[in-house]
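Enquirer: Predicted model and sequence follow; I will ask about them next.
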Amino acid sequence: MSLLSALDQRDSAARGRELHGFAAQLYPVCRSITGEGIRKTLAMISERVPLQLYDVPTGTPVFDWAVPKEWNIRDAYIKLPDGQRVVDFRKSNLHVLNYSVPVHARMSLAGLKPHLFSIPDRPEWIPYRTSYYRESWGFCLSENQLRALEDVEYEVCIDSSLEPGRLTYGEFVVAGRSTEEVLISTHVCHPSLANDNLSGITVATSLAQLLAGKDLRYTYRFLFIPGTIGAITWLARNQEATANIHHGLVLTCLGDSGCFHYKKSRRGNAHIDRAASHVLCHLGENAEVLDFSPYGYDERQYCSPGFNLPVGCLMRSVGGTFPENHTSADNLEFIHPEKLAESLRTCTAILDVLENDHIYRNLSPYGEPQLGKRNLYPASGDAMDRAIHARLWVLNLSDGMHSLLDIAERSGLPFAAVHEAAVALHGGGLLSLEPDSGGEELRHAEVTRWGGKQSS
Amino acid sequence: MSLLSALDQRDSAARGRELHGFAAQLYPVCRSITGEGIRKTLAMISERVPLQLYDVPTGTPVFDWAVPKEWNIRDAYIKLPDGQRVVDFRKSNLHVLNYSVPVHARMSLAGLKPHLFSIPDRPEWIPYRTSYYRESWGFCLSENQLRALEDVEYEVCIDSSLEPGRLTYGEFVVAGRSTEEVLISTHVCHPSLANDNLSGITVATSLAQLLAGKDLRYTYRFLFIPGTIGAITWLARNQEATANIHHGLVLTCLGDSGCFHYKKSRRGNAHIDRAASHVLCHLGENAEVLDFSPYGYDERQYCSPGFNLPVGCLMRSVGGTFPENHTSADNLEFIHPEKLAESLRTCTAILDVLENDHIYRNLSPYGEPQLGKRNLYPASGDAMDRAIHARLWVLNLSDGMHSLLDIAERSGLPFAAVHEAAVALHGGGLLSLEPDSGGEELRHAEVTRWGGKQSS
Amino acid sequence: MSLLSALDQRDSAARGRELHGFAAQLYPVCRSITGEGIRKTLAMISERVPLQLYDVPTGTPVFDWAVPKEWNIRDAYIKLPDGQRVVDFRKSNLHVLNYSVPVHARMSLAGLKPHLFSIPDRPEWIPYRTSYYRESWGFCLSENQLRALEDVEYEVCIDSSLEPGRLTYGEFVVAGRSTEEVLISTHVCHPSLANDNLSGITVATSLAQLLAGKDLRYTYRFLFIPGTIGAITWLARNQEATANIHHGLVLTCLGDSGCFHYKKSRRGNAHIDRAASHVLCHLGENAEVLDFSPYGYDERQYCSPGFNLPVGCLMRSVGGTFPENHTSADNLEFIHPEKLAESLRTCTAILDVLENDHIYRNLSPYGEPQLGKRNLYPASGDAMDRAIHARLWVLNLSDGMHSLLDIAERSGLPFAAVHEAAVALHGGGLLSLEPDSGGEELRHAEVTRWGGKQSS
């Protein structure tokens, strides 16, 4: 049974509500790349899938970086002389510059201004800003709030701490028949921002729930990590193990109403690139496949030249291109239950291609076999014509050199139809299944590992 | 001398009339995949080219199939109680479901109806239907005829026989200088249907007449066979000999007024694919090159994965896409003398490419040779400019690695112009002819034979 | 420092005036493929760059050709009975059929007419005609002049000589760090024709002046040669040395107001083809890249199959496609100072790509390096965003297998931006420079030398 049919056993609307409900639970937490917020988030995910948590101490060298100090925050505000909070962390955790060092002082508006950030042409939105690697403090507020500030003396307080501690991330592994792995990675470091990236967290969590306990071809490794430094930390601690990663997806921005975008891995023709492109192309709606570029989400780490992993990125709207991104407008209204459910479905369809893309061999390759005598050539009609076309394509191209995805690509038929045809023909004794070489991609991609050129 | 100039020695209009006249002779015969109709047809072709006939007994295993029983028919009708024939095989052999088992009975309209086939939205046309591999009987009639049937008792008679016998096909071979073969295959199993496929039969016959007795590079093998089972039977009996087939064409639907379509072989880049695409591209009228698909005519057998022969299919309108196909409207008015003549000409032009696509070597490769002193750079003018361009292209690319077709493709010039240039330069001592390696295609196509992967 | 920044130290308008001024100086000289005109032209170039001059005696065999007799001319006219010159060489050197043998005779209009050439549909223009290899004489005149000729007896005189002598060409070499050469070739045989090819001569001369004395990666060889026979002569005398030519450009038609055209070398994917295409694509204005064809300028000799050198041709309007070409309308008004200056700039930009297209290696290839701590990730803004993108691209693709041009092509960024990024990252210790393999092209081009196929 395909993963998709397992998924579809449940009502899509209910699933959408569940995804959005989980996002709503996660929304208020003030996350950052370290600290209690991320640990609370991982604990909430663990209630659904049993994450393995890892702590890495501040100062641990990870390639060109070091794990930073741990940041925690309790409160922050800007108060008028009368004690009224004009900017209040309790109302939105975006109000504080993420990773602000502690401050408690009285200062004039002029003294405060260099520490205030707004978006002049979106006067109602609070921007999201960070300063992870340069010690600083600041407040983010709407342009309207900023304009309303009078020239008085303010009490300014950020009750935070920035101290040696640890960086925490979560991992969940679903073992498959093969030790070859599919990596699913999503960042968990953003505070109250819904599309970027509660959508990624909730879709990845549901995907993990769907896969858990299934009989799977591949082993699936889910990473819930802080962006950039988390991916770099994970890579530094698992450098050897990355050789097992045969396919991978970064999940982000999956709840908005934009069309799907798949950004290819650096290789450009990895199996995951072909699988995702194929699925998007057959969605029956707009979708776009983008070439790799070395900016974006954590695919930039997985696709750094020393690793060059076959990891792409699935999104709806592309991070950095929609105005709500990294602002308070990326809230729970910006993401939609049905879009989250559809995103989960698209991820699942992509994994179905990976799981079922086998090479079959036509056992009757000289001329067409007589389908009629095996009841494999049923009466016509549009649906049957399609089914027969798929069967003829599978028979014609199953020469030991074409996988089902190859056949789907050449025939223009959706993978699911080709897969169904192969199952029917295999059942009818007309196909044998080639041993799983895992080599499909090798035939297509010029696989380049760091140093591989010299050693060959 | 090119084949085309041999062809053009005769008036094209006369040739068109002859082709159409032969189709008219063949039209009344009730053909099927076995039986007297096909033998009568092969006898009529034999009056023009001396066919070698082959008989294969019923029951002979041919790959996944067996040669079916032989079907013959003498008469068939549906009679009113007053003896009047309301459906009469003598008026059109399409009226009987091809391969109907014998029946003679009286029955009500209700009992008869499951055995009647019409085309509701083409009320004047009789459909063409077969039931080769499931024993059955039936009548095909126009929707108007069907609607006029009253609720009376009918006498129903199909005076046919379906008994052990033989499958017959015809072969005609024109020996060339090389044992490498060009296969020309056309189906001869359709009753009174003109475009599909009396057009193919008549064009193939004329092509055979044109080639007979010529000094040819390749050996040409013409097959006049019943569709599907005939091709499979031939392949089963000639499995080893298929290694000689270097190029091939299935000819069908060549008389209607549609534009030319060439459907590529499974290989997609076989020499025949390039030759046919090139000729169609330079016809000076609309033409379309289609990718291979495993449904259509007998190319699906020749291109089955065990054989993967370089055989494409030349058509005007594509079978299955025009409403007249497989109906009584595919009659002698549907095909046109001038279209048949033009189709013969296009086939011939394709064969001219195969015959003349040699590799030459520039004997003066350092700088341009001085054409003027050899009278190879004549006074200008549009025609001469084209001739000079062709000569310069041939000189520039004749480095032992480009055939004339390569040069035609790269230069955008028609093959005939490039060939003329090569002949002139060869005459002027500026080119040598490379030994005929027959390897042109090897440089271009990934040639895959069944099992070839394992043995390498 | 890039060549472009060296060029841009001087005012572009002044440079344009200088280029046009030099063209104006050269304009009146009556050049041909041999004779005093070409020697005078080479002397004028030598005042700017110290040319090495070569003389090759008449009759010297050069491949399929022989060096022709030397042609010189002092005067030519057609006189009315009253002594008035109706066609006068002193007014335009185009009036005489180039390479006319001497003649002095009286003749009727009827006798004269076969020796007169005009352009009927451009009644005011004098055509430019030659007869190098068939001894002949004639006059070129405007259609208006021709029509005005009355039926009287004319005195016809061409005071020329065609005698054993020599063919002269000039060479200028700027030695670089490598003995690998860039060939810059331009023809110097046309009389008073400005775009074709005083523009090429002046741009090539200025380019030579720019390069002289610079520290260069490549050695640059400038050829100022008569068209066709000059290139063939040079190739015949330097056959072995052509192995050093790694890149090359023929310069012609660079002063008119048409957009840039780059015609690729026969190889089609040589490094010069990629460099020139890239530069034209990023010009920010219309530009066209044309496939190779074996007619045009001297690239047809350099790209003859025995040499197959990586030499393309840079033009504005393509020779042979503009009506002024090879007529008196290709005069000093037809070329423009600013267009000449821009052409020089485009040539220089192409050479900058050749000079700076190195392969770097990312020294921190596992994950992204931390740019911030090295001040390589400065505050944002549009320009900085572009700079950061370029740096991330260079880091991501500098795996020892991608040159800067590869990176520019894949990223869509202009080469200059990619080069700047590499210099900054190299300065920051994040990149090492791979040893100059000179092998960039080998990875991309199928390099074919004559006979190379056999020997391998």
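Expert: Perfect, I can see it now.

Enquirer: What about residue A:79, how many residues nearby?
Expert: By other CB atoms under 10 Å in any protein chain shown, 17 other residues sit near residue A:79. Where you see a C-beta, it was placed from the backbone N, CA and C, and this is true even at glycine.

Enquirer: In this structure it contacts residue A:89, no?
Expert: No. Counting by CB atoms under 8 Å, residue A:79 does not reach residue A:89; the two are 11.8 Å apart.

Enquirer: Please give the element, helix or strand, for whatever residue of chain A ends up closest to chain C.
Expert: Of all residues in chain A, residue A:306 sits closest to chain C, at 3.4 Å by CB to the nearest CB. Assigned by DSSP states H and E, residue A:306 belongs to no helix or strand.

Enquirer: Leaving out chain neighbours, which residue sits closest to it?
Expert: Ranked by CB to CB, 6 or more residues apart in numbering or on different chains and with sequence neighbours excluded, the top spatial neighbour of residue A:306 is residue C:365, at 3.4 Å.

Enquirer: residues near residue A:144, how many?
Expert: With other CB under 10 Å as criterion, residue A:144 counts 11.

Enquirer: Please name the residues that touch it.
Expert: Residue A:144 makes contact with A:123, A:124 under the criterion CB atoms under 8 Å, 6 or more residues apart in numbering or on different chains.

Enquirer: Repeat that for residue A:136.
Expert: With CB under 8 Å, 6+ apart, residue A:136 has these contacts: A:97, A:99, A:100, A:101.

Enquirer: Model confidence for it, exactly?
Expert: Here, the pLDDT recorded for residue A:136 equals 96.

Enquirer: part of a helix, is it?
Expert: No. Secondary structure of residue A:136 (DSSP: H, G, I helix; E, B strand; the rest coil): coil, not part of a helix.

Enquirer: related to what we said a few turns ago, residues touching the residue nearest to residue A:306, list them.
Expert: Taking CB under 8 Å, 6+ apart, we find residue C:365 in contact with A:304, A:305, A:306, A:450, C:399.

Enquirer: Looking at those, which is nearest chain B?
Expert: residue C:399 (28.9 Å).

Enquirer: any idea how far the residue nearest to the closest one when sequence neighbours are not counted is from residue C:204?
Expert: Leaving aside its sequence neighbours, residue C:399 sits nearest to residue A:305 (CB to CB, 6+ apart; 4.0 Å). Distance, residue A:305 to residue C:204, by CB to CB, to the nearest Å: 41 Å.

Enquirer: Look at the two and report which has more neighbours.
Expert: Neighbour count, other CB under 10 Å: between residue A:305 and residue C:204, residue C:204 has more, with 28 against 23.

Enquirer: What residues does the more buried one make contact with?
Expert: Counting by CB under 8 Å, 6+ apart, residue C:204 has contacts C:184, C:186, C:222, C:224, C:251.

Enquirer: cool, residue A:30 as well?
Expert: Per CB under 8 Å, 6+ apart, neighbours of residue A:30: A:37, A:73, A:89, A:93, A:191, A:192.

Enquirer: Surely it forms part of a helix?
Expert: No. Counting by three-state DSSP, residue A:30 is not part of a helix but coil.

Enquirer: In chain A, where is pLDDT below threshold?
Expert: Where chain A drops to pLDDT under 70, the residues are A:380, A:437-456.

Enquirer: Chain B contacts on that one?
Expert: Contact residues (CB under 8 Å from any CB of the partner chain) of chain A with chain B: A:362, A:364-370, A:372-373, A:388-389, A:392-393, A:395-401, A:411.

Enquirer: what's the helix or strand for the residue in the stretch 351-456 of chain A that chain B sits nearest to?
Expert: In the stretch 351-456 of chain A, the residue found nearest to chain B is residue A:365; the distance is 3.4 Å by CB to the nearest CB. For residue A:365, there is no host helix or strand (DSSP H and E).

Enquirer: Pull the contacting residues for the residue lying closest to residue A:340 once chain neighbours are set aside.
Expert: Nearest non-adjacent residue to residue A:340, counting by CB to CB, 6+ apart: residue A:19, 3.9 Å away. Contact partners of residue A:19, counting by CB under 8 Å, 6+ apart, are A:202, A:203, A:206, A:255, A:337, A:340, A:341, A:344.

Enquirer: Looking at these, spot the one nearest residue B:59.
Expert: residue A:344 (56.4 Å; CB to CB).

Enquirer: what's near enough to touch that closest one?
Expert: Counting by CB under 8 Å, 6+ apart, the residues that residue A:344 touches are A:7, A:15, A:19, A:203, A:206, A:207, A:210.
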